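# Sequence plus predicted model, see below.
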Amino acid sequence: MEYHDSEQAKELAAEAREFMDERVIPTEREYLGNGPVPESVIEDLRDEARERGIYCPQIDEEHGGGGYDFDDVLPLFEEAGRSLLGATAMRVDAPDEGNMHTIELVGTDWQKEEYLEPLVAGDISSGFSMTEPRAGAGSDPKMMKTRAEKDGDEWVINGHKWWTTQGDEADFLIVMARTDTDAHPYNGTSLFLVDADTPGVEVVEPTPHFGPSVVHSSHAEIQYNDVRIPEENLLGELNEGFTHAQERLSPARLTHCMRYTGMATRALNVAKAYMCDREAFDSQLSEKQSQRFDIAEMETKLHAVRTMVRHAAREIASDREARIPVSMSKVFAANTTQEAVDLAVQCTGGSGISKKLPLADFMESVRAFRIVDGADEVHKRVIARHAFENAENPDELENLPTF
């Protein structure tokens, strides 16, 4: 299918596809059911990604990345998503990828040197610490309870977070906290860079969770008790944390969409290969009309996902408002990928739930996508609000009788 991507985008995708086929997917197969893949193996893959010119392509060259335009790297993200190991190998993995983007976008020169460049290099890891326990911020971030108060030339942070991805192993955390309690949370919240070994940062426990086995995945509950950081660790503008978070989340949601589109594509490829190989009731499964139609429907939906994401990316690249297209893309991509993986498991029968194929890991990974980066319901709320703007129109009801 032709999506009229730039020549640069096509070249990056082709190189990434070759890397995935020749190195990443064969490595994944070695560790299916016996993961996670060791760090030494990941480092070897990253070295090869660097040699191929597809390592961290979304970050400027001066900070160690490839320096490519956002919409040019999206097809590469899809290729990376064909294996859970792909994003890690090419350094386009969450949450580090989104955190890199945030620091590059709003960080100071010192912050970029101290945090961004080692993060791009893979020397350190990061976490994004926003979500809080039940009474605090979650799908409704206005409920933020964590506070940061100025004390001389320091900020003092107090709060309780959980579901901080990579929180129990991160070298630093981007922490969101209220800095002006008199203002609306959207206008009184800020972001801070907090080293994980700062006194008062307590990882209460890793959170057991649904997740794949091929790559390491973690979330953590964290307490911030009188955590003191220097004022230069304020990330971006004071009280503009929500603005900066949205600047982070819109592109991050689209890169998530493309990674998971790659997952869905691989899942269907596995299913089709199995269907062509397996015979039952006097013919190959690939000849059964019901399953052929199911595959056709999923291929159609994936085409729609790719088209929607590219449209939203063009809006972002042109500095146009893209909140609605991004929300639509995220909801549709998440549900389509979940349906595709579920279909692939069904088509492959018992083999689909084994760890001999990647589908079981895909199934454990994809369900979270309908929650992370905004639950389905949050995005549908945004879309519905837009849909009902100026919806009242008496002229459309003019011919209806009234009693």
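Arrived safely. Residues are numbered from 1 along each chain as shown.
# Give me the pLDDT for Gln284.
Looking at Gln284, its pLDDT stands at 88.
# and it, bridged to which residues?
Glu279 (DSSP bridges).
# Which residue, other than its chain neighbours, is closest to Glu149?
Spatial nearest neighbour of Glu149, chain neighbours left out: Val156 (5.2 Å); criterion: Cβ to Cβ, 6 or more residues apart in numbering. Any C-beta I mention is one placed from the backbone N, CA and C, and that applies to glycine too.
# May I ask which helix or strand encompasses that neighbour?
Taking DSSP states H and E as the criterion, Val156 maps to strand 154-165.
# Going toward the C-terminus from that strand, what's the next helix or strand?
Next along from strand 154-165, by DSSP H and E: strand 172-178.
# hang on, the earlier thing: which strands border the strand holding Val156, and is each parallel or antiparallel?
strand 147-151 (antiparallel), strand 219-230 (antiparallel).
# per-residue confidence averaged over the first one?
Here strand 147-151 scores 97 as its mean pLDDT.
# Now do that strand against strand 172-178: the angle between them, please.
90 degrees (axes from the mean of the first three to the mean of the last three Cα atoms, to 10 degrees).
# now strand 147-151, how far from the centre of its chain.
Relative to the centre of its chain, strand 147-151 is centred 30 Å away, using Cα atoms, centre = their mean, to the nearest Å.
# what's in contact with it?
With Cβ atoms under 8 Å, 6 or more residues apart in numbering as the test, strand 147-151 has contacts from 155-159, 175, 177-179, 181, 190, 192, 228, 231.
# need these in TSV with neighbour count, can you?
As requested, the contacts of strand 147-151 are exported to TSV (neighbours: other Cβ atoms under 10 Å):
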residue	neighbour count
Trp155	23
Val156	18
Ile157	25
Asn158	16
Gly159	22
Val175	29
Ala177	26
Arg178	20
Thr179	22
Thr181	11
Ser190	22
Phe192	24
Arg228	15
Glu231	13
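# all helices for the chain, in order.
For the chain, the helices defined by DSSP state H occupy 7-19, 25-31, 39-52, 70-80, 86-90, 96-106, 109-111, 117-121, 241-277, 289-317, 323-348, 359-366, 376-387.
# Kindly present those as CSV, with separate columns for mean pLDDT, mean neighbour count and distance to Tyr224.
Converted to CSV, those look like this (pLDDT from 0 to 100; neighbours: other Cβ atoms under 10 Å; distance: least, Cβ to Cβ, whole Å):
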stretch, mean pLDDT, mean neighbour count, distance to Tyr224
helix 7-19, 98, 18, 38
helix 25-31, 96, 15, 36
helix 39-52, 97, 15, 28
helix 70-80, 95, 26, 32
helix 86-90, 97, 27, 28
helix 96-106, 96, 23, 18
helix 109-111, 98, 12, 19
helix 117-121, 98, 20, 21
helix 241-277, 94, 22, 15
helix 289-317, 96, 17, 32
helix 323-348, 97, 23, 29
helix 359-366, 94, 23, 29
helix 376-387, 96, 14, 25
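# For Asp171, which of those helices is the nearest?
helix 117-121 (8.0 Å; Cβ to Cβ).
# and the residue nearest the centre of the chain, what does it touch?
Residue closest to the mean C-alpha point of the chain, counted by Cα atoms, centre = their mean, is His256 at 3.7 Å. Residues in contact with His256 (Cβ under 8 Å, 6+ apart) are Ala94, Lys330, Ala333, Phe369, Val372, Asp373.
# Tell me how far the third one lies from Leu74.
Spelled out, it's Ala333. When distance is defined by Cβ to Cβ, to the nearest Å, Ala333 is 12 Å away from Leu74.
# Give me the common contacts of those two.
Val309.
# related to what we said a few turns ago, quick one: closest of the helices of the chain to Ser129.
Closest to Ser129 of those, according to Cβ to Cβ: helix 96-106, at 10.5 Å.
# Between strand 154-165 and the closest one, find me the angle.
Using the same axes, to 10 degrees: helix 96-106 against strand 154-165 is 150 degrees.
# Nearest to Asp60, out of the contacts of strand 147-151: which one, please.
For those, the nearest to Asp60 is Phe192 (23.2 Å; Cβ to Cβ).
# pLDDT score assigned to the closest one?
So, for Phe192, pLDDT stands at 98.
# That one and Pro230 touch, don't they?
No. At 10.1 Å, Phe192 does not count as touching Pro230 under the criterion of Cβ atoms under 8 Å.
# Spit out the residues that contact these two alike.
Counting by Cβ under 8 Å, 6+ apart, the residues touching both Phe192 and Pro230 are Trp155.
# still on that earlier bit, is it possible to get the helices of the chain out as a markdown table so that each row also shows distance to Ala148?
Listed next are the helices of the chain as a markdown table, based on distance: least, Cβ to Cβ, whole Å:
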| stretch | distance to Ala148 |
| --- | --- |
| helix 7-19 | 39 |
| helix 25-31 | 41 |
| helix 39-52 | 33 |
| helix 70-80 | 30 |
| helix 86-90 | 31 |
| helix 96-106 | 16 |
| helix 109-111 | 16 |
| helix 117-121 | 22 |
| helix 241-277 | 10 |
| helix 289-317 | 29 |
| helix 323-348 | 27 |
| helix 359-366 | 33 |
| helix 376-387 | 25 |
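# which stretch among those helices comes nearest Val215?
Short answer: helix 86-90, nearest of these by Cβ to Cβ, at 5.7 Å.
# Pull up the gap between Ser218 and Tyr115, please.
In terms of Cβ to Cβ, Ser218 sits 20 Å off from Tyr115.
# who has more neighbours, these two?
The residue with more neighbours, out of Ser218 and Tyr115, is Tyr115; 23 against 17, by other Cβ atoms under 10 Å.
# from what I can see that one touches Thr108, true?
No. Between Tyr115 and Thr108 there is no contact under Cβ under 8 Å: 10.1 Å.
# just to revisit the earlier point, the residue nearest to the centre of the chain and Arg248, how far apart?
From His256 to Arg248 the distance is 12 Å (Cβ to Cβ).
# just Leu397 next, same as before
Using Cβ to Cβ, Leu397 is found at 43 Å from Arg248.
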